[in-house]
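A.B. asks: how would this look folded up:
(one chain, ligands or ions: 1)
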Amino acid sequence: MKKFLKITIVTAAIIFILAVFKNGYFWLGKALLTEKAENVRESLGQNQLVEKRTVTLMAVGDVMMHVGQIWSGYDSEKGSFDYSEFFCEVKDLISSADLSMANLETTLAGNKEKFTGYPRFNSPDEIADALKEAGFDIIFTANNHSLDRGEKGVLRTIKVLREKGLTPVGTNETKEDLETVAVKEANGIKIAFLAYTYGTNGIPLPKDKPFLVNLIDEEIILQDIRSAKEKADAVVVYLHFGQEYSRQPSAEQRNLAQNLIIGGADLIVASHPHVVQPGEWLEVEDAMGRLTKKYIAYSLGNFISAQSFPHTDEGVILKVTLEKDPELNLVSVVSVEEIPTWVHKYKEKGRMKYVIKLGRKTQ
Ligand SMILES: [Zn+2]
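C.D. replies: Down below sits the predicted model:
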């Protein structure tokens, strides 16, 4: 009997301690709530907790279309192209994300112009079909090859991508286009996408249409981030920058990317060096002293290309989970995974073929 009493007292003490801890914690949490979050709580009933939401994003680097790749998808009997083979082994993974993005480093200027690889790219529209079928949603079009086929190339690329159900980001058909932020919603989280390139290989933007390609300008990007944050919970910025074939980010890359994170970007994805560069976590403190985690991927490498310099056949699929805490009205990067890929090149019936493989290349 005595033993039973003892157990009861101990149990009651534990419950009491837990209750104090829970209330204390709750009080502490509540003290941190923003005015906006208080409104959310009120609208949902005072004691109803708002669940945290997550969204999974995937990003890959450069989708290039060298001349060998162009003809790898040609069916001489039908006279048509099909590039689904490129993505057949990564399709399920890419499709498993809530939103996926890639940099298209070529133009879709149409078959009236010759299809060409480096240095002035023009690829069959079927590469857009293959990207859509692989599960991509957002296609970054701001890169040093955006203007390879001039104004016509930029405009037709945007048109074709849209027709295929993809969202081009980084080039603009009109001035209004430039001012319209691409926002996608998944699991109740709104994400804005912005994209910029360091340049266009010396091809000038038409004087009467300077809005065609978004160029890197820190002040403009910071302003765009601020506008995007009014329309979305999180902002993803794609940068086409860095030193080609350099496996470490430069001081300039780090400086710009970090300033953009401090300026409000939640995730930065980048490519152009054609090789993978290590990423970096950042912890940012907001005006209320709250800390959130952000991430910068300095170069995701080539996703697909026919390049043969060392490491240019390697890339990563960046898998990022963003979490939104509706009570605190905060978005943070909660996990990042860099899934390695490489391009398997082989010959079939005298023709080069290309398939993106998961894992690391074994020499
Ligand atoms: Zn590039």
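
A.B. asks: surely Asn172 meets Phe211?
C.D. replies: Yes - counting by Cβ atoms under 8 Å, Asn172 does reach Phe211; the two are 4.9 Å apart. Glycine gets a C-beta too; all of them are placed from N, C-alpha and C.

A.B. asks: ok, the two, which is more surrounded?
C.D. replies: Just comparing Asn172 and Phe211: by other Cβ atoms under 10 Å the higher neighbour count belongs to Asn172, 23 against 17.

A.B. asks: one step back: check the contact lists of Asn172 and Phe211 and give me the overlap.
C.D. replies: Jointly contacting Asn172 and Phe211 under the rule Cβ atoms under 8 Å, 6 or more residues apart in numbering are Leu178.

A.B. asks: Pick out the residue of the stretch 201-350 of the chain closest to the ion.
C.D. replies: Nearest residue of the stretch 201-350 of the chain to the ion: His272, at 3.9 Å (Cβ to the ion).

A.B. asks: Below-threshold pLDDT in this structure: ranges please.
C.D. replies: Applying pLDDT under 70 to the chain picks out residues 1-49, 363.

A.B. asks: circling back to that earlier point, how deep is the residue of the stretch 201-350 of the chain closest to the ion tucked in, by neighbour count?
C.D. replies: Residues lying near His272 (other Cβ under 10 Å) number 23.

A.B. asks: Verify the stated contact: it with Ala142.
C.D. replies: No - using Cβ under 8 Å, His272 is not in contact with Ala142, being 10.5 Å away.

A.B. asks: and for those two, which residues touch both?
C.D. replies: The contact sets of His272 and Ala142 overlap at Thr197, His240 (Cβ under 8 Å, 6+ apart).

A.B. asks: follow-up on the earlier one: just read off the phi/psi values of the residue of the stretch 201-350 of the chain closest to the ion.
C.D. replies: Main-chain torsions, His272, degrees, to the nearest 10: phi 140, psi -40.

A.B. asks: Around the ion, pick out the residues from this structure.
C.D. replies: Counting by Cβ under 5 Å from the ion, the chain comes close to the ion at Asn143, Asn144, His272.

A.B. asks: Touching, the second one and Gly199? I think so.
C.D. replies: Yes - because the distance of 5.8 Å satisfies Cβ under 8 Å, Asn144 is recorded as touching Gly199.

A.B. asks: which of the two has more neighbours?
C.D. replies: Taking neighbours as other Cβ under 10 Å, Asn144 and Gly199 compare with Asn144 leading, 19 against 15.

A.B. asks: is it fair to say that one lies in a helix?
C.D. replies: No - applying DSSP: H, G, I helix; E, B strand; the rest coil, one finds Asn144 to be coil, outside a helix.

A.B. asks: so what's it up against?
C.D. replies: By Cβ under 8 Å, 6+ apart, Asn144 lies in contact with Glu105, Thr197, Tyr198, Gly199, Thr200, Asn201, His240, His272.

A.B. asks: I'd like to know which of those are buried.
C.D. replies: For the contacts of Asn144, a burial check counting by 16 or more other Cβ atoms under 10 Å picks out Glu105, Thr197, Tyr198, Thr200, His240, His272.

A.B. asks: Tell me the bridge partners for the residue most central in space within the chain.
C.D. replies: In the chain, the centroid-proximal residue (Cα atoms, centre = their mean) is Ala59; its distance is 4.3 Å. Taking DSSP bridges as the rule, Ala59 bridges to Met101, Leu318.

A.B. asks: in terms of contact, does it touch Ser299 like I think?
C.D. replies: No - applying Cβ under 8 Å as the test, Ala59 and Ser299 come out as separate, 11.3 Å apart.

A.B. asks: Run me through the strand neighbours of whichever strand or helix holds Glu337, direction for each.
C.D. replies: Per DSSP states H and E, Glu337 falls inside strand 330-348. Take DSSP bridges as the rule and strand 330-348 pairs in its sheet with strand 314-325 (antiparallel), strand 351-358 (antiparallel).

A.B. asks: Same question for it: list its buried residues.
C.D. replies: Those buried within strand 330-348 under the rule 16+ other Cβ under 10 Å are Leu330, Val331, Ser332, Val333, Glu338, Thr341, Trp342, Val343, Lys345.

A.B. asks: what number of residues lie near the closest residue to the last one other than its chain neighbours?
C.D. replies: This points to Lys345. Of all residues not flanking Lys345 in the chain, Tyr354 sits nearest, at 5.7 Å (Cβ to Cβ, 6 or more residues apart in numbering). Neighbours of Tyr354 under the rule other Cβ under 10 Å: 20.
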